[in-house]
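Q: quick one: sequence and predicted model below, then my questions.
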Amino acid sequence: MNTAVKPTTTVPPHWGGTAWLRAAVLGADDGIVSTASLMLGVAASSASHGAVLTAGFAGLAAGAMAMATGEYVSVHSQRDAERADLRLEQSQLAADPEGELDELTDIYRARGLDDELARRVAEQLSRDDRLAAHARDELGQHPGTLARPLQAAWVSALAFALGAAVPIVAVVLAPGRLRSVFTIVSALGALGLLGSLGARAGGAPRRTAAARVMLGGGLAMAVTTLVGRLAGAAGV
């Protein structure tokens, strides 16, 4: 068995701890931008108030389902890869336990332990559960980082729906001639808040993140409004 340290499996942002917050922020951001843009585009085509609301609710349902499906498939694929890595590691442990112990020793040595201590640590951690030790230190898998497809799906879908509700509520509550203005203002305000929350969770500058998210959302709404206006002028 080659005793070189094998590359660890690339693990996506996990679904434990605060990672659900990241997924929720991204899902809500998508819900706000896509639904507000859709409703503004339909409104710009001179469609009726009912048609604009119908577009909003349809966008909410379709987007939430798309987010749930996409996250489930993506995260489940990662989970399958994690399980495949564990099965391979288990077979290698059965075929060459001494060689795998050498690999674990090399890992601890590379982290700064001297040869004797690295060997003792490898032996002690392997005593109770060899597979768990290799999963953690060789593959980079931890109980808190294991992919959870169902959790990913429902968090993303719920976050999208909550975000999409912002422009829908704005259209319902706003006076007739100010519906588009209310939609834009509410969407940009919500995007700024989400950008600030996401930056706080990640330790990034909050104002810069909020401005970046608002700029991107504003651009998306402007482009969609233009497309809707051109479609309406063309009689589509």
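A: That came through, no problem.
Q: list the buried residues for the strand or helix carrying Val227?
A: Using DSSP states H and E, the element containing Val227 is helix 206-233. By neighbour count with 16 or more other CB atoms under 10 Å, helix 206-233 contains the buried residues 209-210, 212-214, 217-218, 220-221, 224-225, 228-229, 231-232. Glycine gets a C-beta too; all of them are placed from N, C-alpha and C.
Q: ok, and for the helix or strand bottoming out on mean pLDDT in the chain, which residues are buried?
A: Here the helix or strand of the chain ranked lowest by mean pLDDT, DSSP states H and E is helix 130-137, holding a mean of 73. Within helix 130-137, the residues that qualify as buried are Arg130, Ala133, His134, Ala135, Asp137, counting by 16+ other CB under 10 Å.
Q: ok, residues contacting that helix?
A: For helix 130-137, contacts defined as CB atoms under 8 Å, 6 or more residues apart in numbering pick out 85-86, 89-90, 93, 97, 100, 103-104, 107-108, 122, 125-126, 141-142.
Q: likewise for stretch 149-163?
A: Residues from elsewhere that reach stretch 149-163 (CB under 8 Å, 6+ apart): 15, 20, 23-32, 35, 60, 63-65, 67-72, 74-76, 79, 190, 194.
Q: residues near Arg200, how many?
A: 13 (other CB atoms under 10 Å).
Q: that one reaches Leu194, doesn't it?
A: No - counting by CB atoms under 8 Å, Leu194 is not a contact partner of Arg200; they are 10.7 Å apart.
Q: so where's the protein shaky on pLDDT?
A: 1-21, 138-147, 236 (pLDDT under 70).
Q: where do the helices sit along the protein?
A: Using DSSP state H, the helices found in the chain span residues 19-44, 49-95, 97-110, 115-128, 130-137, 149-173, 179-202, 206-233.
Q: report the separation between the residue lying farthest from the centre of the chain and Tyr108.
A: Within the chain, the residue lying farthest from the chain centre (CA atoms, centre = their mean) is Glu116, at 42.2 Å. Computed as CB to CB, to the nearest Å, the Glu116 to Tyr108 distance reads 11 Å.
Q: and Ser180, by the same measure?
A: Distance of Ser180 to Tyr108, computed by CB to CB: 61 Å.
Q: returning to what we had before: closest one of the buried residues of helix 130-137 to Gly112?
A: Asp137 (13.6 Å; CB to CB).
Q: gap between the closest one and Leu93?
A: Applying CB to CB to Asp137 and Leu93 gives a distance of 13 Å.
Q: got it, and Val42?
A: Distance, Val42 to Leu93, using CB to CB: 59 Å.
Q: cool, and Ala68?
A: Using CB to CB, Ala68 is found at 37 Å from Leu93.
Q: more crowded one of these two?
A: More neighbours surround Ala68 than the other of Ala68 and Leu93, with 21 against 17 (other CB under 10 Å).
Q: OK, contacts around the more buried one?
A: Ala153, Trp154, Ser156, Ala157.
Q: most widely separated two among these?
A: The distance between the two most remote of these (CB to CB) is 7.4 Å, for Trp154 and Ser156.
Q: who has more neighbours, those two?
A: Ser156 (29 against 15).
Q: surely Leu38 touches Thr225?
A: No - with contact defined as CB under 8 Å, Leu38 does not count as touching Thr225 (10.4 Å).
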